[in-house]
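1. Dropping the sequence and predicted coords here.
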Amino acid sequence: MTLLEFDLNINRMTQVLSVQNLGKYYGETKAVDGINLSVEKGEIFGFLGPNGAGKTTTIRCIMDFIRPSFGKIAAFNLDSHLDSVQIKAKTGYLSGDVRIYENWTGQEHFRFIESMRGKSKILSKLIKDFDFDPKVKAKKLSSGGKQKLGIIMAFLSEPEMLILDEPTTALDPLLQNTVYDYILNFAREGSTVFMSSHNLHEVQKICSRVGIIKQGKIIAEESVEELRSKKIHVVKATFDSKVSMADFDLSGVEVFKESAGSLTLRIKGDINPVISKMHNYKLKDLEVSHASLEDIFMAYYER
Amino acid sequence: MFPIFLRTIKNKRTAIIAYIVSGIAFLLMYIPIYPSFASSGKQLVEIMKNYPQGFLKAFGIEDIAQAFLSLEGYLSTEHFGFVWPLVLIFLALSFAGNSIAGEIEKGTMEVVLSQPISRLKIYFGKYLGGLGAIVLFVTTSIFASIPIAAIFNVHYVAKGYIYMTILGVLFGIAIYGLAMLCSSFASDKGKANFMTGGVLIAMYVLNILSGLKSNLDDLKYLSFFHYFNASGALLNYKIDSIAILVFVLTTIIATTLGCSQSSLRTIRQPPESAAILFQAEEIASFHSQRRESCEQVTLKCF
């Protein structure tokens, strides 16, 4: 074990963010309904779910913008509401819908943040890496430009924890990679990242662990590797003759796509019963693959 | 707190300058024509004696005899008793509405809230920014009367303007405190201004009603406009101690409540994001229904 690996292991043992039985109700609507999750130091935690699943509400509770109906949130062993100022001193935040002062330039935004967080050591590098013009007024920026400004504002104090709500929205693939590089570097240096996303590709690429939220409840919290190792297969078969769909009406088997002579099945668990059934037909082509994270995500979502 | 205060002033510097310029412009409009009013002052006083008391009260005319016989009487009737408080109210509402509710509506409150600064300091940073603007407007728009009067060779008594400034500041901060309280409750600037505006209009109506019927006289005590006696300050160098108490107490109570509400309140997502979220939920629900119906059709086919 190298010294770096040892350090990483020690870091990983420290819990930075803990959400316990968090709930946020708006009248009858349960935006978040008793979720539990924890993120450890140096970890990049991906918070997955479609719009309206409760990701942003959870993040807004963590940031103490909204107060939970019940439950507890702690960061750096501090209470997210009572010790909000101390937590925010160590936290960089990017909103999912970046709103900035339209009449300020980027430079004015940076100065404002530096007046509260101290002079940034990496601001010029960030401006250069994100190809951002700080002299332009925010109202003249494109949505991508505003996103860049939001990202620089979140990163400039080199925080110990990053809370990012869909960080790569509106960015081109090159800049998305720059964001990934920064996130990975922050994590390597011991920062903790909690990011929401519905971009499975980016989650697969940079996150070490994911939590999947559905209708305000966490339905899975696993490492990306664990998720991918789930026994979910995608079988694409092309037949020489007509197929009876009843043959494939098996437990754990879902017809994903069906067209003339061809069938795509998503199989949870043992694939042997399906292969046995296929013996009854003459096959033209057969392709068996492990499910992508997207397929796994969809499988969770359709439970 | 200081960066928030500085930013509040800097963001609104154009508006502050515009308000101050308009305050001075009004004086430049009224003071040069005062000599012609003064020459026909006695006739005007005689005419105005026939007007109903409630009507005169609506225009801040307490003492008809004094209203046109001195610059201070004329200004308190024409400007400081009616137009000037309106400008001050607009300024207070504009600052307060934008400070809390306006920032929540635009979503920019998140930029401030995500920084290591308590909500208490954010509130007071913004509060002091607005307060500074009000004090600046009141001082300049009242004291500018002196050099303007001097330029146009109009006789003036400086003492009255000091009292008017004190009364103006007290009146301004009470309204601003009230407006900040409404802003800390409202979800957008429009609602905040509507709430404060509603209260002020109600106060204005109560003050007028109290002058129309003797049995409604006590209603005047519920109105800020009763305590804002411009002619008393400018002509008689007097500010009623009850008026001071009312304005100071309102400021303290409203500021304390506003500050507490601002610390406790939920900062919801800006309306546009919430609408997008709602649309997304609608789309998700539509797709889910569509998928179910497709599945049923598929099953029927087989």
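-> In hand now; what should we look at?

2. how deep is the residue of the stretch 151-300 of chain A at minimum distance from chain B tucked in, by neighbour count?
-> Scanning the stretch 151-300 of chain A for proximity to chain B using Cβ to the nearest Cβ identifies A:M245 as nearest, at 4.9 Å. (C-beta placed from N, C-alpha, C; glycine too.) With neighbours defined by other Cβ atoms under 10 Å in any protein chain shown, the count for A:M245 comes to 13.

3. Can you name the residues of the stretch 151-300 of chain A that neighbour chain B?
-> A:M153, A:M245, A:A246, A:V255, A:E258 (Cβ under 8 Å from any Cβ of the partner chain).

4. before we move on, the earlier item: distance of the residue of the stretch 151-300 of chain A closest to chain B relative to A:K282?
-> For A:M245, the distance to A:K282 (Cβ to Cβ, to the nearest Å) stands at 17 Å.

5. likewise A:S241?
-> 6 Å.

6. could you pull out the strands for chain A?
-> A:15-26, A:29-40, A:44-48, A:70-75, A:78-79, A:91-94, A:161-165, A:192-197, A:209-214, A:217-223, A:232-239, A:253-259, A:262-268, A:283-290 (DSSP state E).

7. who touches the second one?
-> This points to strand A:29-40. Contact with strand A:29-40 is made by A:11-25, A:45, A:54, A:57-58, A:61, A:68, A:70-71, A:192, A:194, A:209, A:211, A:213, A:215-218, A:221, as judged by Cβ atoms under 8 Å, 6 or more residues apart in numbering or on different chains.

8. per-residue pLDDT, residue 155?
-> Unless you meant another one, I'm taking chain A. pLDDT recorded at A:F155 is 94.

9. Hmm, no, I was thinking of chain B.
-> 87.

10. what's near enough to touch it?
-> Counted by Cβ under 8 Å, 6+ apart, B:H155 has contacts B:S70, B:L71, B:A149.

11. Which strand or helix spans it?
-> For B:H155, there is no helix or strand it lies in under DSSP states H and E.

12. can you list the residues of the stretch 101-250 of chain B near chain A?
-> Counting by Cβ under 8 Å from any Cβ, the residues of the stretch 101-250 of chain B near chain A are B:K106, B:G107, B:T108, B:E110, B:V111, B:L113, B:S114, B:Q115, B:P116, B:I117, B:S118.

13. Surely the fifth one touches A:I100?
-> The reference is to B:V111. Yes. Look at B:V111 against A:I100 with Cβ atoms under 8 Å: they come within range, at 6.4 Å.

14. Overlap of the contact sets of those two?
-> Counting by Cβ under 8 Å, 6+ apart, the residues touching both B:V111 and A:I100 are A:H109.

15. domains of chain A?
-> According to automatic domain parsing, chain A comprises the domains A:3-227, A:232-301.

16. Can I get the contacts of B:H155 in TSV including secondary structure and neighbour count?
-> TSV is the format used below for the contacts of B:H155 (DSSP: H, G, I helix; E, B strand; the rest coil; neighbours: other Cβ atoms under 10 Å in any protein chain shown):
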residue	secondary structure	neighbour count
B:S70	coil	20
B:L71	helix	23
B:A149	helix	22
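
17. so how far is B:G125 from B:G132?
-> 11 Å.

18. Same drill for these two, tell me which one is more crowded.
-> Neighbour count, other Cβ under 10 Å: between B:G132 and B:G125, B:G125 has more, with 20 against 16.

19. which helix of chain A spans the most residues?
-> Assignment by DSSP state H gives helix A:173-188 as the longest helix of chain A.

20. what's the spacing between the residue lying closest to B:S231 once chain neighbours are set aside and chain A?
-> Closest residue to B:S231 apart from its sequence neighbours, by Cβ to Cβ, 6 or more residues apart in numbering or on different chains: B:S76 at 4.0 Å. Distance, B:S76 to chain A, by Cβ to the nearest Cβ, to the nearest Å: 38 Å.

21. Dump the contacts of B:H155 into TSV; add distance to B:F137 and pLDDT as well.
-> Converted to TSV, the contacts of B:H155 look like this (distance: Cβ to Cβ, whole Å; pLDDT from 0 to 100):
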residue	distance to B:F137	pLDDT
B:S70	24	84
B:L71	21	88
B:A149	19	92
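
22. which of the residues of the stretch 151-300 of chain A next to chain B has the most neighbours?
-> Going by other Cβ under 10 Å, A:M153 tops those with 25 neighbours.

23. so that one touches B:V111, yeah?
-> Yes. Between A:M153 and B:V111 a contact is recorded at 7.4 Å, counting by Cβ under 8 Å.

24. Common neighbours of the two, please.
-> Joint contacts of A:M153 and B:V111 (Cβ under 8 Å, 6+ apart) are A:H109.

25. Measure how buried the residue in the stretch 101-250 of chain B positioned nearest to chain A is and give me the count.
-> Closest residue of the stretch 101-250 of chain B to chain A, Cβ to the nearest Cβ: B:G107 (3.0 Å). B:G107 has 20 neighbours, counted by other Cβ under 10 Å.

26. Need the nearest residue in space to it, chain neighbours excluded.
-> A:R99 (3.0 Å).

27. measure the one you found to B:N229 for me?
-> Taking Cβ to Cβ, one finds A:R99 at 44 Å from B:N229.

28. Excluding chain neighbours, what is closest to the residue nearest to the spatial centre of chain A?
-> For chain A, A:G46 is the residue whose C-alpha lies nearest the centre (Cα atoms, centre = their mean; 3.1 Å). Nearest residue to A:G46, sequence neighbours excluded (Cβ to Cβ, 6+ apart): A:C207, at 3.5 Å.

29. Correct me if wrong: B:P35 contacts B:Y74.
-> No. Applying Cβ under 8 Å, one finds B:P35 not in contact with B:Y74, separated by 10.1 Å.

30. does chain A sit close to stretch B:1-20?
-> Yes. Contact of stretch B:1-20 with chain A (Cβ under 8 Å from any Cβ) involves B:P3, B:R7, B:N11.

31. Do I have it right that the second one meets A:F112?
-> Yes. Counting by Cβ under 8 Å, B:R7 sits close enough to A:F112 to count as a contact (6.1 Å).

32. ok, the contacts of B:H155 vs A:S80, which is closest?
-> The shortest approach to A:S80 among the contacts of B:H155 belongs to B:A149, at 59.2 Å (Cβ to Cβ).
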